[in-house]
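Peer 1: fold the following and give me the result.
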Amino acid sequence: MAPAPDPASEPEVGPGASPEASPEGTAGLDADARALASTLRLRILRMCLDEPLTNRELADRLGKNPATVLHHVRTLVDRGFLAADPVRRGARGSREVPYRATRKSWDAPDFPGMWQLMLSTFLEEVAEADPESVRMTRLGVRLSPAEHDELMSRVDAFFGELAARRPTPEGRPYSILFALHEDAGRLPRG
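Peer 2: The predicted structure is shown next:
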């Protein structure tokens, strides 16, 4: 089994993995893809990125039934996307298990519909954000293949740099979504 990723040096979601990267091969990558194929699970990973949260805390923050959230938490734990921190005692002496994102999802496989899932998750999160904190830009450009490659190289390098930084303890958490697509409405008709 591969060693657990260093949480301080790896980002949460990334470019995808090859079958050789999984000790389980293609079947393992398929199981990982199924585990990530839920906006709720992606939101759980984001919430547990910088602080460990219990099932109850996750359910409260998400406005969901704890039993429903526990199903999703167990799926993420089973595939190594979440890891349990040491058990702690709750307010009334109950046993609580906090979970932390392992950042394994950075190497998760791309799968059909992944971009729609990531976008849906982002839209759910941004709908709950303070409108004053949201900044968006939309731009149309024409790029040669070389310019496209340069853009993607620079974007990948920038995201890699951000992902490699240690979290700033007093920093505010932010989410970033980058999307690039051909503008079908502007392509020449042939």
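
Peer 1: against which helices or strands is the lowest-mean-pLDDT helix or strand in the chain packed?
Peer 2: Confidence across the helices and strands of the chain bottoms out at helix 25-36, with a mean of 85, counting by mean pLDDT, DSSP states H and E. With contacts defined as 3 or more C-beta pairs under 8 Å, 6 or more residues apart in numbering; DSSP states H and E, the secondary structure elements packing on helix 25-36 are helix 66-78, helix 114-128. Where you see a C-beta, it was placed from the backbone N, CA and C, and this is true even at glycine.

Peer 1: what's the first helix or strand after the last one?
Peer 2: What that stands for is helix 114-128. Past helix 114-128, further along toward the C-terminus, the next helix or strand under DSSP states H and E is helix 145-164.

Peer 1: tilt between the least confident helix or strand of the chain and helix 114-128?
Peer 2: Regarding helix 25-36 and helix 114-128, their directions subtend 20 degrees when assessed with axes from the mean of the first three to the mean of the last three C-alpha atoms, to 10 degrees.

Peer 1: next structured bit after helix 25-36?
Peer 2: Along the chain past helix 25-36, the next helix or strand (assigned with DSSP H and E) turns out to be helix 39-47.

Peer 1: could you give the mean pLDDT of the following helix or strand past that next one?
Peer 2: Tracing the chain C-terminally past helix 39-47 and defining elements by DSSP H and E, one meets strand 53-54 next. Model confidence over strand 53-54, given as mean pLDDT, is 96.

Peer 1: which residues are in contact with strand 53-54?
Peer 2: 47, 61, 90, 96-99 (C-beta atoms under 8 Å, 6 or more residues apart in numbering).

Peer 1: from those residues, which is closest to Glu125?
Peer 2: For the contacts of strand 53-54, the residue nearest Glu125 by C-beta to C-beta is Met47; the value is 9.7 Å.

Peer 1: between the least confident helix or strand of the chain and helix 39-47, what angle do the directions make?
Peer 2: What separates the directions of helix 25-36 and helix 39-47 is an angle of 90 degrees, with the same axes, to 10 degrees.

Peer 1: got the buried residues for helix 25-36?
Peer 2: Residues 28-29, 31-33, 35-36 are the ones in helix 25-36 that count as buried (16 or more other C-beta atoms under 10 Å).
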